[in-house]
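K.L.:
Any chance you can model this:
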Amino acid sequence: MTVRTYRAQVTGRFDGLEQPLRTRLLAEQREHDLQFAAFTEDGTFTYTPTLTRFTFRCRVEADADTAVEADDLAAVEAEVMAIDYLTSEKIPFKRLRTTTTCLDDVKIKRPHPQGRRDQHHVHEE
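P.N.:
Next up, the predicted model:
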């Protein structure tokens, strides 16, 4: 079994918002501004005052036999989390799109201890 950790982003569009819900979303928008976006286990829901698009970001772990299966499982799990959130808040939506990034595959470039390797120094005497 392969356990892999992902950052997932589910984007979508609001669909047919009625006025009471629009009013509530606009009143709460500052709490859901992009500045609060984070990949958390519970997920964060962000949107702009235009009420056209939204993003649900979360961190998920997928346990599968292969990395490919884990990739697919992570995307499904993130989308289910987003749908659960949206339905619990009674927010109609359409056109969900999910992207994932496996943190186990991300390579971090660390600075070379003596600075950049491609620098050439000329020593004149």
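
K.L.:
quick one: buried residues of stretch 4-12?
P.N.:
When neighbours are counted by 16 or more other Cβ atoms under 10 Å, the buried residues of stretch 4-12 are found to be 4-10, 12. Using the backbone N, CA and C atoms, a C-beta is placed for each residue, glycine as well.

K.L.:
And stretch 26-42, by the same measure?
P.N.:
So stretch 26-42, judged by 16+ other Cβ under 10 Å, has buried residues 32, 39.

K.L.:
related to what we said a few turns ago, can you put the buried residues of stretch 4-12 in CSV and add pLDDT?
P.N.:
Compiled in CSV, these are given as follows (pLDDT from 0 to 100):
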residue, pLDDT
Arg4, 89
Thr5, 93
Tyr6, 93
Arg7, 95
Ala8, 96
Gln9, 96
Val10, 97
Gly12, 97
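
K.L.:
so where's the longest helix in this structure?
P.N.:
Counting by DSSP state H, the longest helix found in the chain is helix 67-88.

K.L.:
got TSV for the buried residues of stretch 4-12, with secondary structure too?
P.N.:
As requested, the buried residues of stretch 4-12 are arranged in TSV below (DSSP: H, G, I helix; E, B strand; the rest coil):
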residue	secondary structure
Arg4	strand
Thr5	strand
Tyr6	strand
Arg7	strand
Ala8	strand
Gln9	strand
Val10	strand
Gly12	strand
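
K.L.:
ok, so of these, who is nearest Thr66?
P.N.:
Within these, distances to Thr66 taken as Cβ to Cβ reach their minimum at Arg4, with 10.0 Å.

K.L.:
State the distance from the residue nearest to Asp104 when sequence neighbours are not counted to Ala70.
P.N.:
Taking Cβ to Cβ, 6 or more residues apart in numbering, and ignoring the residues beside it in sequence, Asp104 has Arg4 as its nearest neighbour in space, at 5.1 Å. Using Cβ to Cβ, to the nearest Å, one obtains 4 Å as the distance from Arg4 to Ala70.
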